[in-house]
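K.L.:
Predicted model follows, preceded by the sequence.
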Amino acid sequence: MNEKGRSFPVDPNLPRWLCQNCHHYLCITGVDSYADKFLNDSSRSGLQGSSMHGANSVLGSARMDNSFVVLSKQKPPAQGAPPRPRGGAVQSDSGQSGKAMDESFVVVYKSESSSDGGGNHLPSPDGGPNGPLQPNNSGFNSTITVLKRAFEIATTQTQVEQPLCLECMRVLTDKLDKEVADVNRDIEAYEACLKRLEGEPRDVLSEADFLKEKLKIEEEERKLEAAIEEVEKQNAEVNAQLKELELKSSKFKDLEERYWHEFNTFQFQLISHQEERDAILAKIEVAQAHLELLKRTNVLNDAFPIWHDGEFGTINNFRLGRLPKIPVEWDEINAAWGQACLLLHTMCQHFWPKFQYRIKILPMGSYPRIMDSNKNTYELFGPVNLFWSTRYDRAMTLFLTCLKDFAEFAKSKDQENNIRPDDWFKLPYKIENDRVESYSITQSFNKQENWTKALKYTLCNLKWALYWFVGNTNFQPLSPAAVSRAEVASGSLYTKRGSDSKSEFR
């Protein structure tokens, strides 16, 4: 038998039981003598009482503190049977009866008082009926009968399935003790209440007072009956009015149903017309939005997007300028100059011959050139010498001059169109010879940071001229939408220092 991880030698001939609570195996010994008394008694009632007394004696004689008890056998082991503990083992166990053990089961040896071989036999450990361990069938059956009857009586008395091991029996005993204590407290409380009620004085009415009280109650009863009759009359009147109102209500329901049918028909027609109207209005709105978009659309604004990338101004995502830490390739710079020249040439060519196109811009892809009034041509592409690049510097200066001439032409157009002086076109960054604000656009003997800043301001002025061109290609004043777009785009890209810059941007 294995209990709680430990193994102990147990006689395999002993009946094994299963604890109904923790489901551990247990063996009970010392029942053989009570089994003989149980089977030899002439009266059945006497047998039952004896078996119960014997079982209780066996279970009660063992100390609850000792969870493991080994009792001596009553007959020498049969021939070939495994050896069993001798009397010395019993004395040693009885000498240590005061010591509690952790294992919660009892190991006992069955009494083999009967020697007849009839009846059923337990299977031997070797698996055959002729094995070395053949228990006495009569004694074994008597043990089973006594224990089974004892367990049935214990189950009936405790309302708990038996058998139980010592640990589970101890837990059950504690639980029953608590229930008994609770019941005793309830009994004491009920007895205290009963005594308190018995000690309270009782007021008994006299005969005359009883008659007066009776007359008073009868008078109240007559009044209540009269009130009930009055209420019943009112109830009958109310029921009659209710029936009349129900008839009117049914007529109104018919009218309401007919009204809702007509209303639903009208509502369906109204919704159909509204949906048709909304569809037409939506088409009109989409067409108007498309028309407005087409009116505001300009191919130059979409073909030449001017923006910025950190310290660089960009046109069509091509950076214009160079920095010591960011050496932009000359191919990208040439492409940016080509885009800028193509944009300015297109705007100037649109207003020719009104615009005196003195300085000719020759857009040739990434290899643009500038022609001055004397028909001298200068290359506006690199690479060039950073310390001596007069032709390249002359080309950039001529580009600034052409942009300045276009800005003055735009201002004159605003004057012709009777625009307020505050709204006349003006470049956000002043151009003077080869300088934009205070930065020179020439590359010879100039810092790359200053040159890049001058190119960025040049693109800003070009963007400003492009917005003016978009709003005035049809010789109309700039629309508010275009003005707001120009202000937002230019203001977010190029923020000029000082208070005067804001007014110039507007």
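P.N.:
Perfect, I can see it now.
K.L.:
Residue 274 should be in a helix, yeah?
P.N.:
Yes. With DSSP: H, G, I helix; E, B strand; the rest coil as the criterion, residue 274 is located in a helix.
K.L.:
how far away is it from residue 390?
P.N.:
75 Å (Cβ to Cβ, to the nearest Å). The C-beta positions use only the backbone N, C-alpha and C, and glycine is treated the same way.
K.L.:
Looking at these two, which has the bigger crowd around it?
P.N.:
residue 390 (13 against 10; other Cβ atoms under 10 Å).
K.L.:
Who are the contact partners of the more buried one?
P.N.:
Shown in contact with residue 390 (Cβ atoms under 8 Å, 6 or more residues apart in numbering): residue 444.
K.L.:
So, low pLDDT: which residues of the protein?
P.N.:
1-15, 29-140, 386-387, 474-506 (pLDDT under 70).
K.L.:
Tell me which stretches of it form strands.
P.N.:
Using DSSP state E, the strands of the chain run over 2-3, 6-7, 16-18, 25-27, 306-309, 312-315, 318-320, 360-362, 369-371, 377-379, 431-432, 435-436, 439-440.
K.L.:
Hmm, residue 335 is touching residue 318, no?
P.N.:
Yes. Using Cβ atoms under 8 Å, residue 335 is in contact with residue 318, at 4.6 Å.
K.L.:
Would you reformat the strands of the chain as TSV and include distance to residue 297?
P.N.:
Formatted as TSV, these follow (distance: least, Cβ to Cβ, whole Å):
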stretch	distance to residue 297
strand 2-3	93
strand 6-7	95
strand 16-18	94
strand 25-27	96
strand 306-309	17
strand 312-315	19
strand 318-320	23
strand 360-362	25
strand 369-371	30
strand 377-379	35
strand 431-432	29
strand 435-436	30
strand 439-440	34
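K.L.:
show me the contacts for the closest residue in space to residue 345 that isn't next to it in sequence.
P.N.:
Leaving out its chain neighbours, the residue that sits closest to residue 345 by Cβ to Cβ, 6 or more residues apart in numbering is residue 361, at 4.2 Å. Counting by Cβ under 8 Å, 6+ apart, residue 361 touches 341, 344, 345, 348, 368, 370, 371, 399, 402.
K.L.:
Tell me which of the residues you listed fall in helices.
P.N.:
In this view, the contacts of residue 361 that belong to helices under DSSP state H are 341, 344, 345, 348, 399, 402.
K.L.:
Help me confirm that the last one comes into contact with residue 343.
P.N.:
If I follow you right, that is residue 402. No. Using Cβ under 8 Å, residue 402 is not in contact with residue 343, being 11.5 Å away.
K.L.:
Those two - which one has more neighbours?
P.N.:
residue 343 (24 against 21).
K.L.:
how close does the more buried one get to residue 26?
P.N.:
Residue 343 is 104 Å from residue 26, by Cβ to Cβ.
K.L.:
Give the buried residues for stretch 20-28.
P.N.:
21, 24, 26, 27, 28 (16 or more other Cβ atoms under 10 Å).
K.L.:
typed the wrong thing, it's stretch 320-340
P.N.:
Those would be 320-323, 328, 332-340, for stretch 320-340 by 16+ other Cβ under 10 Å.
K.L.:
Identify the bridge partners of residue 308.
P.N.:
Residue 308 forms beta bridges with residue 313, as assigned by DSSP bridges.
K.L.:
hang on, it packs against residue 314?
P.N.:
Yes. Residue 308 lies in contact with residue 314 (Cβ under 8 Å); the separation is 6.1 Å.
K.L.:
Tell me the buried residues within the ones in helices among the contacts of residue 361.
P.N.:
Judged by 16+ other Cβ under 10 Å, buried ones among the ones in helices among the contacts of residue 361: 341, 344, 345, 348, 399, 402.
K.L.:
count of neighbours near the closest residue to residue 425 other than its chain neighbours?
P.N.:
Nearest non-adjacent residue to residue 425, counting by Cβ to Cβ, 6+ apart: residue 410, 4.1 Å away. Neighbour count of residue 410, defined by other Cβ under 10 Å: 21.
K.L.:
can you pull the contacts of residue 410?
P.N.:
425, 465, 468, 469, 472.
K.L.:
if we can go back for a sec, of the buried residues of stretch 20-28, closest to residue 202?
P.N.:
Closest approach to residue 202 among these (Cβ to Cβ): residue 21, at 53.5 Å.
K.L.:
how close does the spatially closest residue to the closest one that is not a sequence neighbour sit to residue 175?
P.N.:
Distances taken as Cβ to Cβ, 6+ apart put residue 168 closest to residue 21, at 4.0 Å, once the chain neighbours are dropped. Relative to residue 175, residue 168 is positioned 10 Å away (Cβ to Cβ).
K.L.:
again with residue 345
P.N.:
106 Å.
K.L.:
One more: residue 28?
P.N.:
22 Å.
K.L.:
Residue 346 now?
P.N.:
103 Å.
K.L.:
Which one's more surrounded, the two?
P.N.:
residue 346 (17 against 11).
K.L.:
Show the contacting residues for the nearest residue to residue 366 once chain neighbours are set aside.
P.N.:
Leaving aside its sequence neighbours, residue 366 sits nearest to residue 334 (Cβ to Cβ, 6+ apart; 4.2 Å). Contacts for residue 334 were tallied using Cβ under 8 Å, 6+ apart; they are 366, 367, 381, 382.
K.L.:
next one: residue 336
P.N.:
So residue 336 contacts 314, 315, 316, 318, 319, 320 (Cβ under 8 Å, 6+ apart).
K.L.:
do that again at 7 Å, thanks
P.N.:
Contacts for residue 336 were tallied using Cβ atoms under 7 Å, 6 or more residues apart in numbering; they are 315, 318, 319, 320.
K.L.:
just checking, the last one touches residue 333?
P.N.:
When you say that, I think you mean residue 320. Yes. Contact criterion Cβ atoms under 7 Å: residue 320 and residue 333 qualify, at 6.2 Å.
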